[in-house]
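Novice: output the structure for:
(one chain, ligands or ions: 1)
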Amino acid sequence: MQLHFTTKISSKPLIYGCMTIGGDFDASPLSSEQRKSGRAAIDAALECGINFFDHADIYCFGKSETVFGEFLAANPDLRDKIILQSKCGICLRNQPEEGLPGRYDLSFSHIVNAVDGSLRRLQTDHLDVLLLHRPDILIEPKEVAQAFDRLYRTGKVRNFGVSNHTPAQIELLKASIEQPIVVNQIEYNPLHTVLHDSAIHANMKRPHFGNPGEGLIEYCQLHGITLQAWGSLAKGVLTGKPLGPDSEPRIRDTAMLVERLAKERSVSKEAIVIAWILRHPAGIRPVIGTTNPDRIRACCEATKVELSRIDWYQVYTAALGHGVP
Ligand SMILES: NC(=O)c1ccc[n+]([C@@H]2O[C@H](COP(=O)([O-])OP(=O)(O)OC[C@H]3O[C@@H](n4cnc5c(N)ncnc54)[C@H](OP(=O)(O)O)[C@@H]3O)[C@@H](O)[C@H]2O)c1
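Specialist: Residues are numbered from 1 along each chain as shown. The predicted structure is shown next:
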């Protein structure tokens, strides 16, 4: 199958995450200030050469897609130059009615309707990539297959992927769907490394790092699934966000190390954290979530940095708070 995805992939490995460009996660209408800062963030990402944008139907209750759709409508030449990704499958608590629980829904009708909503808000006729946001315990893979077929045949979605899915969950899907899974978006940063903490502790009694994502990175490498890292800046705690008096020593130590490495290379602290993700041989693509234009530019300096094996392990073990076995 021809992957439209690969034809437009940017030479820059970074993805801009649009989660908070719509202001707040609530039903309040978008203010002109929120629209303005959302546009400034998109502009900064584009100016840095980023051409891959990550969304989800739930981000700021749809307002993040709305801000981006307005930007696209005002810049009609842009659509063909960018890769637009969105996600579906999470239903927030009290949505659409008061009293409903937070839940997941990967049923046929939910997927198809969610994509229609995203396309409407984004003011486009297709998504380059659709991700299933989180695994739905009640998933019926044949329904997902029907939804993917419908979306693919109607040209509404060109490529499909998942987020926060284990190898077993991907295998279950692959047994029913025709289209390849091209992406798995997972949380990954120096302070969130569960996916390889277990890998280096095979066959050890202690410490026990077993987790259901075991082998996920290797599985995606073997199956040509691009990994994308959400939470790539660890919410800023390694790059200048003030740390509270109770913050863990390992976080302080890692933040100091990041600062030292940044000074040595005359780059931003953000560049070091993002370069640490890029150093992984799986080709993990960081999803940058900051809305601050200066921080977006600071993240983009990462492509100029090459961390050595020693730098990488120094950051990893500082963040773990202990050495490797
Ligand atoms: N698939 C999933 O389940 C999933 C889950 C979450 C997110 N995502 C995607 O991944 C993207 C990134 O995720 P994320 O937003 O959790 O990641 P992140 O990059 O770790 O965190 C971004 C947040 O940290 C703040 N921040 C960064 N540096 C800071 C500093 N020096 N001082 C103070 N605050 C700082 C940012 O605030 P400012 O905006 O003010 O800079 C922003 O609120 C999202 O936009 C979304 O596209 C996916």
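Novice: you'd agree residue 258 is in a strand?
Specialist: No: under DSSP: H, G, I helix; E, B strand; the rest coil, residue 258 falls outside any strand and is assigned helix.
Novice: would you confirm that it contacts residue 241?
Specialist: No: the pair formed by residue 258 and residue 241 falls short of the contact definition of CB atoms under 8 Å, at 11.9 Å. The C-beta positions use only the backbone N, C-alpha and C, and glycine is treated the same way.
Novice: near the ligand, which residues of the stretch 1-150 of the chain show up?
Specialist: Proximity of the stretch 1-150 of the chain to the ligand, by CB under 6 Å from any ligand atom, involves residues 17, 18, 19, 20, 54.
Novice: quick check: the fourth one touching residue 61?
Specialist: It stands for residue 20. No: using CB under 8 Å, residue 20 is not in contact with residue 61, being 11.8 Å away.
Novice: tell me where the chain has helices.
Specialist: Using DSSP state H, the helices found in the chain span residues 4-7, 32-47, 63-74, 108-122, 141-153, 167-174, 194-197, 216-222, 249-265, 269-278, 293-300, 309-320.
Novice: contacts for the fifth one?
Specialist: Under the contact criterion CB atoms under 8 Å, 6 or more residues apart in numbering, helix 141-153 has outside partners 106-108, 111-112, 115, 130, 132, 157-158, 160, 172-173, 175-179.
Novice: and the closest residue to residue 101 other than its chain neighbours, its phi and psi?
Specialist: Leaving aside its sequence neighbours, residue 101 sits nearest to residue 93 (CB to CB, 6 or more residues apart in numbering; 6.1 Å). With angles defined as degrees, to the nearest 10, residue 93 sits at phi -60, psi 140.
Novice: how many other residues sit next to residue 93?
Specialist: By the criterion of other CB atoms under 10 Å, residue 93 has 10 neighbours.
Novice: picking that back up, which of the helices of the chain sits most buried?
Specialist: Greatest average neighbour count among the helices of the chain goes to helix 269-278 (a mean of 25), per mean count of other CB atoms under 10 Å.
Novice: neighbouring contacts of it?
Specialist: Against helix 269-278 from outside (CB under 8 Å, 6+ apart): 13-14, 188-190, 229, 232-234, 238-240, 258-259, 261-262, 265, 284, 286, 288, 290, 295, 298-307, 311-312, 315.
Novice: switch to 6 Å and redo it
Specialist: 190, 229, 232, 238-239, 258-259, 261-262, 284, 286, 295, 298-299, 301-302, 305, 307, 315 (CB atoms under 6 Å, 6 or more residues apart in numbering).
Novice: same question, stretch 32-41
Specialist: 21, 23, 67, 71, 291, 293.
Novice: near the ligand, which residues of the stretch 151-300 of the chain show up?
Specialist: 163-164, 185, 230-236, 239-241, 287, 289-292, 295.
Novice: of the residues you listed, select the buried ones using a ChimeraX command.
Specialist: Per 16 or more other CB atoms under 10 Å, the buried members of these correspond to this ChimeraX selection:
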select :163,164,185,230,231,232,233,234,236,239,287,289,290,291,295
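Novice: state the distance from the residue of the stretch 1-150 of the chain found nearest the ligand to residue 76.
Specialist: Residue of the stretch 1-150 of the chain nearest the ligand, by CB to the nearest ligand atom: residue 17 (2.4 Å). Distance, residue 17 to residue 76, using CB to CB, to the nearest Å: 24 Å.
Novice: higher neighbour count, the two?
Specialist: Neighbours per residue, other CB under 10 Å: of residue 17 and residue 76, the larger number sits with residue 17, 30 against 9.
Novice: go ahead and confirm that one touches residue 53.
Specialist: No: using CB atoms under 6 Å as the test, residue 17 is too far from residue 53 to be in contact (8.2 Å).
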